[in-house]
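Q: Pasted the sequence and its predicted model underneath.
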Amino acid sequence: MSYVVTVHFAAKPAHREAFRTAMVENATASREREPGCRQFDVCESADGASIFLYEIYDDEAAFRAHLATDHYRRFDDTASPWVDEKRVVTFNRLDPRT
C-alpha cells in the first residue's frame, strides 16, 4: 500500500504568485530527488485562490523523509508566512497499482 498525502493551501492574495512558484519548485525537487516519492501533483483552483497537492509515497517513512529534506524545509520556512490556511489529510492507497 502506498501512502497518500493531500494538502489544501489558501495563499494570501499578495503572495499567490511567489507561493505558486515556490510550491512547483518544491514538488519538482521532491519528484526528482526523493526515491520514495512516486507522484507530486500541484493543482490550482480556477480563481488562483487555492492550491491542492496530491502526493504519493512508498510509505509513511518516505513521507517523513520528505519533510526532512533541505528543499522542503527551505520551502516551508519561506512560504509559511504567505499562507492563510493549510489543511493536510493522509490516506493509505487501497488500489494495488504502484
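A: Arrived safely, thanks for sending. Residues are numbered from 1 along each chain as shown.
Q: Doesn't residue 10 lie inside a strand?
A: Yes: Residue 10 forms part of a strand when assessed by DSSP: H, G, I helix; E, B strand; the rest coil.
Q: If it is in a bridge, with which residues?
A: Beta-bridge partners of residue 10, counted by DSSP bridges, are residue 50, residue 85.
Q: So what's the residue count around it?
A: Other residues lying near residue 10 total 16 when counted by other C-beta atoms under 10 Å. C-beta: built from backbone N, CA, C; applies to glycine.
Q: Please state the backbone phi and psi of the residue sitting nearest the centre point of the chain?
A: Residue closest to the average C-alpha location in the chain (C-alpha atoms, centre = their mean): residue 53, at 4.9 Å. Geometry field for residue 53 lists phi and psi as phi -110, psi 140, criterion degrees, to the nearest 10.
Q: does it really touch residue 44, like I thought?
A: No: with contacts counted by C-beta atoms under 8 Å, residue 53 stays clear of residue 44, the gap being 10.5 Å.
Q: For the chain, which segments count as helices?
A: In chain order, the chain shows helices spanning 16-33, 60-67, 70-79, with DSSP state H as the criterion.
Q: List the buried residues in the first one.
A: By neighbour count with 16 or more other C-beta atoms under 10 Å, helix 16-33 contains the buried residues 16, 19, 20, 22, 23, 26, 27, 29, 30.
Q: what sits against the residue nearest to the fourth one when sequence neighbours are not counted?
A: The one in question is residue 22. Excluding its sequence neighbours, the residue lying closest to residue 22 (C-beta to C-beta, 6 or more residues apart in numbering) is residue 79, at 5.0 Å. Each residue near residue 79 by C-beta atoms under 8 Å, 6 or more residues apart in numbering is listed here: 18, 19, 22, 23.
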